[in-house]
Every structure is written in C-alpha cells, then in structure tokens.
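In: Quick check, what structure comes out for this input:
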Amino acid sequence: MEIKYGHTNIITKDWKKLAHFYELVFNCKPVPPERNQKGSWLEKGTGVPNAHLQGMHLRLPGYGENGPTLEIYQYSEVIDSEKMVSNKKGFGHIAFQVDNITELLELALKNGATEIGELSEHHVENVGLLKFIYIADPDGNIIELQNWS
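Out: Predicted coordinates:
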C-alpha cells in the first residue's frame, strides 16, 4: 500500500481573501481550477447537510509542481469557533521554513497577521540554532515561522 501526503485544509469565511494572504506572504501558487462543489456526494463525505464549498488549492513553496497543497475553502455556512491557541488539543499549526524571519514577519503583519509569541532562539544539540515565532493568519490560524542555522 502506498501512502502519500495530499493537502491541508483551512476553512474560512472569505476564501479569496485568505488565499491572497498565503499567496502574497508565503509565495503559495494557485492550482486551478477554483472549486465550487455541492451535492449529495459532498454531504455524504463531509457529514455536513446541504454542504456547498467554494475555494481553491495553493501549492506550498519549496517542493516543485507536484508538492502538497493548502486547500482554502469556505462553506456556504461557516460556524464560528473559539480563538485558536497553541496548546489546544488537535491541529496545532502549519510551519514555514524561511531564510529571513524578521522580513517575512514584517510582511505577514502588514497583510493582516498577528503575533502570538515573540521571536525566540534555542540551540538544539546536534541539530543547530532554531529561530522561531508563532503568528496567526487573518483568520486566527496558527503559523510557525522557523529558521535553522
């Protein structure tokens, strides 16, 4: 049996706005076509009555044309949830390896991101120096910016 990672999904109330953030800040590339999906097959698979999804996939940077994607979707009905926190059970964050954390952090903040933590450094024995910070995208999803040297 072959297993291969496919994508990570983020649900939002405005998929175009959030997709633009990831394109601009993290250089993710659109993977056409835009999706506009509904029907009994979608209701059955998602368990959401009257499911109607719109959105698109964005190719994550660094892995070429066949790399994994970030799937940014919005349902016709999106349920609000509590604020995301780093130590909540379940999905925690996505991480991007970056050359210049300060520069990317500034770009992210100018485009609607917020800081969760502060820039931190730690030497990991036999691995190197880790620099990282947790931020939140405009919807509050947690992103780790990290650099190893």
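
In: Next, the buried residues of the lengthiest helix in the chain.
Out: Longest helix of the chain, by residue count under DSSP state H: helix 15-26. Neighbour counts over helix 15-26 (16 or more other C-beta atoms under 10 Å) mark 15, 18-22, 25-26 as buried. No exception for glycine: its C-beta is placed from N, CA and C like everyone else's.

In: What ranges does this protein have for its strands?
Out: Counting by DSSP state E, the segments of the chain that form strands are 7-11, 29-38, 52-59, 69-75, 94-97, 114-115, 120-124, 128-136, 142-148.

In: Count residues in the vicinity of residue 96, would you?
Out: For residue 96, the neighbour count with other C-beta atoms under 10 Å is 20.

In: what sits against it?
Out: Taking C-beta atoms under 8 Å, 6 or more residues apart in numbering, we find residue 96 in contact with 26, 61, 104, 143-146.

In: Could you check the angle the longest helix of the chain makes with strand 29-38?
Out: Orientation check (axes from the mean of the first three to the mean of the last three C-alpha atoms, to 10 degrees): helix 15-26 against strand 29-38 gives 160 degrees.

In: Residue ranges of each domain in the chain, please.
Out: 7-75, 94-148 (automatic domain parsing).

In: how about those domains in a markdown table, adding distance to residue 86 and mean pLDDT?
Out: Output for the domains of the chain, formatted as a markdown table (distance: least, C-beta to C-beta, whole Å; pLDDT from 0 to 100):
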| stretch | distance to residue 86 | mean pLDDT |
| --- | --- | --- |
| domain 7-75 | 17 | 95 |
| domain 94-148 | 6 | 95 |
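
In: Any buried residues in stretch 140-149, and which?
Out: 141-145, 147.

In: For these, give me a markdown table that also has distance to residue 77.
Out: Listed next are these as a markdown table, based on distance: C-beta to C-beta, whole Å:
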| residue | distance to residue 77 |
| --- | --- |
| 141 | 19 |
| 142 | 24 |
| 143 | 26 |
| 144 | 30 |
| 145 | 32 |
| 147 | 39 |
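
In: ok, of those, which one's closest to residue 50?
Out: Nearest to residue 50 among the buried residues of stretch 140-149 is residue 141, at 24.9 Å by C-beta to C-beta.

In: hang on, the closest one packs against residue 84?
Out: Yes. Residue 141 lies in contact with residue 84 (C-beta atoms under 8 Å); the separation is 6.2 Å.
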